[in-house]
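Asks: Based on what follows, work out the 3D shape:
(one chain, ligands or ions: 1)
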Amino acid sequence: MPGTTELDRLAAADRDAIEARLSALVDALASQHAGMRDAIRYTLVGGGKRVRPLLCLWTHDALGGRNRDAALDAACALECVHTYSLVHDDLPSMDNDDYRRGKPSAHRRFGEAVAVLAGDALLTLAFEILCTIPSRYPLAAEDALAAAAALARAAGTDGLIAGQALDIAPPASRDEAAVGEIHLRKTAALIAASMELGAVVAGSGAVGRASARRAGVEAGMAFQIIDDILDIEGEQETLGKTPHKDIDRGKLTLPSVIGIEAARARAHRHVEDALGALPAGGAAPLAMLIRHIADRAH
Ligand code: GRG
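Replies: Have a look, this model is predicted:
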């Protein structure tokens, strides 16, 4: 394929593995309600860039992990939480978005009540997956517990929930510090957990886990700044979601505070800081993926 990079090639193989595992997890869902399973499949399978699962897998690999099946389950748990956050964020009572991952958002396709339930189901499924990894693959129960605790912190009241609450009602100051606080919670927390879970499954000790986390925070801050820039510069077809919504709603973003080019430079600085914090000197695929975060076009 013309223009295919080494990163595209490596990511394609693992995206296939992630897709297959997500699909198997949905198939295995013990749902008494076929419609619910359809809604979960619609939101979770066959869409999205899978950045968080890839960060989890490739952190695991970079740290010399030999537990890929367990890492793949952890990667899917992360994608479940991420997808839940998108489904709920799109709801009429939140961002009210009709379009997500190149198709009608969950509430447009299934109605609001089913979309709320599908989000709830994805959030709980994530923790079921993590807590039951030791019954499928060789992972110590205490590591599964550590992974579940890290994901709960990222999703919880100091993480995604706080991020969403601040995004809806930002502090009156509307300055860089306020933007940083929102980005840290609504985006960087889950990306940091993605890298931390990769380290946990790889069997890293406290130091490896902490540096994976630090790198993830920086990568996550960069990711959100670029997301804000793409909202200004991107097209619906490439993004798979509605652009220009931040400006239309007067959202607090870094480009709105310091301008697009200064924001882009800031994203590159976060990427360099992430690379500097990478455990094990940063294996090539992981470093490529992190660099791509600041250069991406969607
Ligand atoms: C509703 C609890 C709850 C949380 C929502 C603020 C927020 C958290 C969601 C809004 C969407 C948003 C801007 C989230 C921040 C993270 C982000 C940039 C999400 C988009 O992630 P991508 O680009 O999406 O990885 P795909 O579709 O590729 O997975």
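Asks: Can you name the residues of the stretch 151-298 of the chain that neighbour the ligand?
Replies: Proximity of the stretch 151-298 of the chain to the ligand (Cβ under 6 Å from any ligand atom) is limited to residues 160-161, 163-164, 167, 186-187, 224, 227. From N, CA and C alone the C-beta is placed, and that goes for glycine too.
Asks: Over to the stretch 1-150 of the chain?
Replies: 48-49, 51, 82, 85-86, 88-89, 101.
Asks: on that earlier part again, sort out which of the residues of the stretch 151-298 of the chain next to the ligand are buried, if you could.
Replies: If you count burial by 16 or more other Cβ atoms under 10 Å, the buried members of these come out as 160, 163-164, 167, 186-187, 224, 227.
Asks: if we can go back for a sec, let's see the PyMOL selection covering just the buried ones among the residues of the stretch 1-150 of the chain next to the ligand.
Replies: Only the buried entries of those go into this PyMOL selection, using 16+ other Cβ under 10 Å:
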select buried, resi 48+51+82+85+86+88+89+101
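Asks: Make JSON lines out of the residues of the stretch 1-150 of the chain next to the ligand and add pLDDT.
Replies: Below are those laid out as JSON lines (pLDDT from 0 to 100):
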{"residue": "48", "pLDDT": "95"}
{"residue": "49", "pLDDT": "96"}
{"residue": "51", "pLDDT": "98"}
{"residue": "82", "pLDDT": "98"}
{"residue": "85", "pLDDT": "98"}
{"residue": "86", "pLDDT": "98"}
{"residue": "88", "pLDDT": "98"}
{"residue": "89", "pLDDT": "97"}
{"residue": "101", "pLDDT": "96"}
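Asks: since we're on the spatially closest residue to residue 239 that is not a sequence neighbour, how many residues are nearby?
Replies: Nearest residue to residue 239, sequence neighbours excluded (Cβ to Cβ, 6 or more residues apart in numbering): residue 298, at 5.4 Å. Per other Cβ atoms under 10 Å, the neighbour tally for residue 298 reads 13.
Asks: again with residue 83
Replies: 27.
Asks: Quick check, pLDDT for it.
Replies: With respect to pLDDT, residue 83 scores 98.
Asks: Go ahead and confirm it touches residue 45.
Replies: No: using Cβ atoms under 8 Å, residue 83 is not in contact with residue 45, being 9.5 Å away.
Asks: What distance do you get for residue 54 to residue 15?
Replies: Going from residue 54 to residue 15 by Cβ to Cβ, to the nearest Å gives 7 Å.
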